[in-house]
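Colleague: Predicted model follows, preceded by the sequence.
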Amino acid sequence: MKNVLFKRMVMLIIMTVAVSTVTIAQEKGDKAIGANLVIGSGNSFTNYGLGAKFLYNVTDPIRLSAEFDYFFKKDFVTMWDASVYGHYLIPVAEKFTLYPSVGFGTH
């Protein structure tokens, strides 16, 4: 059971990174929008959806992100998720930035 859950989490992370598109904002005052293809799973239930995000750089290394995801109807159930995150941008190489984040959400 734990092995299956781990595999699903890894797949979710890979899919999020692979299909997330966004114009990266990295200087104070920069704004960006993006779109996601999302996968939600748990307790033998997997569903797909679409999402949108808005990014705003408060300072050069600090960015806020507001996100909303909508999951398509499956087995008479629809789901949604709204989240707000704070990112701390750490430039690693040209066009590559790591960002630890903290946030909260509801669904």
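Modeller: Looks like it came in fine. No experiment lies behind these values; they were computed from the predicted model shown.
Colleague: any low-confidence regions in this structure?
Modeller: Low-confidence segments of the chain, defined by pLDDT under 70, span residues 1-26, 107.
Colleague: give me that answer again for 90
Modeller: Residues of the chain that meet the criterion pLDDT under 90 lie in 1-30, 36-48, 60, 71-81, 91-101, 104-107.
Colleague: Could I get the full set of helices for it?
Modeller: Taking DSSP state H, the helices of the chain run over residues 2-19.
Colleague: Show me the strands in the protein, by range?
Modeller: Defined through DSSP state E, the strands belonging to the chain, from first to last, are 21-22, 31-42, 45-57, 62-74, 77-88, 90-93, 96-98, 101-106.
Colleague: now those strands as JSON lines including mean neighbour count?
Modeller: To be clear about C-beta, it is placed using only N, CA and C from the backbone, and glycine gets the same treatment. Output for the strands of the chain, formatted as JSON lines (neighbours: other CB atoms under 10 Å):
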{"stretch": "strand 21-22", "mean neighbour count": "12"}
{"stretch": "strand 31-42", "mean neighbour count": "15"}
{"stretch": "strand 45-57", "mean neighbour count": "16"}
{"stretch": "strand 62-74", "mean neighbour count": "16"}
{"stretch": "strand 77-88", "mean neighbour count": "15"}
{"stretch": "strand 90-93", "mean neighbour count": "10"}
{"stretch": "strand 96-98", "mean neighbour count": "11"}
{"stretch": "strand 101-106", "mean neighbour count": "10"}
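Colleague: now residue 33: how far from residue 68?
Modeller: If you measure residue 33 against residue 68 using CB to CB, to the nearest Å, the figure is 12 Å.
Colleague: Check residue 51 too.
Modeller: Between residue 51 and residue 68 the distance, using CB to CB, works out to 6 Å.
Colleague: any shared contact partners between the two?
Modeller: Contact with both residue 51 and residue 68 is made by residues residue 81, according to CB atoms under 8 Å, 6 or more residues apart in numbering.
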